[in-house]
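Chemist: predicted model and sequence follow; I will ask about them next.
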Amino acid sequence: MTQAGITPRKASLWWNLLGVAVSAGLVVAIILQLGGATSAVLKTISGLPPLVWPMLVLLYLTQPLCDYAVFRRLWNLPLAGIGALLRKTVINEVVLGYSGEAYLYVWARRVVGEGAFAAIKDVNIISALLSNLLTLALAAISITQLQKLDFAHRVGPALWSGLIPLTISMGVLLFGRRVFSLSRAALAHISLAHGIRLVVSTALLVLIWRMALPEVALGLWVVLLAIRYLISRLPVISNKDLVFGNLMLLLLGADSTVAVLQAALALMTLGLHLAVIVGLGAADLVRRLRGVKPLAPARRSA
């Protein structure tokens, strides 16, 4: 018997019920958002070059693969742990930003132990810091075009919430060693992994856009990158891909092929979220029926 009269069997049951509830809620949320598709968006999806699909899947996997590379070093995480990292990505996108980190913390406390919070905290601070720096650089490059599109006025007060992560980033630059818990070697590894992730994901995104609409000038894609990253830094909204797609329809007009493409890609990403949640839920069910023990990686010191 464990503390407070909770047996390991009961704890496992409650954990499984929580996982089922989270998965069911995510499926409902995704299906509701998929219901907003228009005929123009669906027509765009059907006309995309076939190579766009594997590139989009690869783009989708950049975040969980980067997380795996990081936590493999920190926790000696086996490959089976990538399921939790995929769920974290979906929760972050479909629910609210950083809600996936809360899920990962609960999961990691069960399989890793007390050091989970420090690792997740440091990883997220570094990831946010690098993303904020890239966002500022893209915004500076595209400032003239952003003013022409009246971006700040159309997005409205939501932009002010973006000051929160930016302010935190500046604080980290000033008080770095007082904020981080991991060793310098671990922090360097995390920075390298997330730096590569940003480069690869940005390159893949532009590649997808160029394959879909090769006639569009590269300069417009740079402006769209700036807007997309600015939206991604807002902590108060969910499904930022969908928000970005809808905003493009507002800024460029419903007849714009660029705007319709962004809405189409957002819809395709929702479909990937749905496939991930259903697939992981089915895999969990099979493991439980087979009596496979829960994942328990050996923790590695950072």
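Modeler: Perfect, I can see it now. Numbering: from 1, shown residues only.
Chemist: need the strands for the chain, in chain order.
Modeler: Using DSSP state E, the chain contains no strands.
Chemist: tell me which helix or strand of it sits lowest on mean pLDDT?
Modeler: One helix or strand of the chain scores below all others by mean pLDDT, DSSP states H and E: helix 158-161, with a mean of 54.
Chemist: burial check on Lys240, number of neighbours?
Modeler: 19 (other Cβ atoms under 10 Å). The C-beta positions use only the backbone N, C-alpha and C, and glycine is treated the same way.
Chemist: so where's the longest helix in the chain?
Modeler: If you go by DSSP state H, the chain has its longest helix at helix 257-290.
Chemist: averaged pLDDT, that helix. What do you get?
Modeler: Helix 257-290 carries an average pLDDT of 87.
Chemist: show me what it is packed up against.
Modeler: helix 8-34, helix 39-46, helix 52-75, helix 82-94, helix 184-212, helix 218-232, helix 240-252 (3 or more Cβ pairs under 8 Å, 6 or more residues apart in numbering; DSSP states H and E).
Chemist: closest one to Leu274 among these?
Modeler: helix 8-34 (4.6 Å; Cβ to Cβ).
Chemist: average pLDDT across the closest one?
Modeler: For helix 8-34, mean pLDDT is 59.
Chemist: thinking again about what came up before, now the longest helix of the chain against helix 52-75, angle please.
Modeler: Interaxial angle, helix 257-290 versus helix 52-75 (axes from the mean of the first three to the mean of the last three Cα atoms, to 10 degrees): 50 degrees.
Chemist: would you mind getting the angle between helix 257-290 and helix 218-232?
Modeler: Put simply, helix 257-290 runs at 50 degrees to helix 218-232, going by the same axes, to 10 degrees.
Chemist: buried residues in helix 257-290?
Modeler: For helix 257-290, burial by neighbour count (16 or more other Cβ atoms under 10 Å) applies to 258-270, 272-274, 276-277, 280-281, 284.
Chemist: so what pLDDT did the residue nearest to Leu205 when sequence neighbours are not counted get?
Modeler: Leaving out its chain neighbours, the residue that sits closest to Leu205 by Cβ to Cβ, 6 or more residues apart in numbering is Leu59, at 6.2 Å. pLDDT, Leu59: 97.
Chemist: if I look at Leu59, how far off is Trp75?
Modeler: From Leu59 over to Trp75 the distance is 25 Å, taken as Cβ to Cβ, to the nearest Å.
Chemist: also Leu51?
Modeler: As judged by Cβ to Cβ, Leu51 and Trp75 stand 35 Å apart.
Chemist: neighbour count winner among these two?
Modeler: Trp75 (22 against 12).
Chemist: surely the more buried one touches Ala119?
Modeler: Yes - under the criterion of Cβ atoms under 8 Å, Trp75 makes contact with Ala119 at 7.1 Å.
Chemist: who wins for proximity to Leu130 among the helices and strands packed on helix 257-290?
Modeler: Per Cβ to Cβ, nearest to Leu130 of those: helix 184-212, 5.3 Å.
Chemist: quick check: angle from the closest one to helix 39-46?
Modeler: 100 degrees.
Chemist: helix 184-212 packs against which elements?
Modeler: Helix 184-212 packs on helix 52-75, helix 116-141, helix 218-232, helix 257-290, going by 3+ Cβ pairs under 8 Å, 6+ apart.
Chemist: and the longest one, how far from the chain's centre?
Modeler: Computed by Cα atoms, centre = their mean, to the nearest Å, the separation of helix 257-290 from the middle of its chain amounts to 13 Å.
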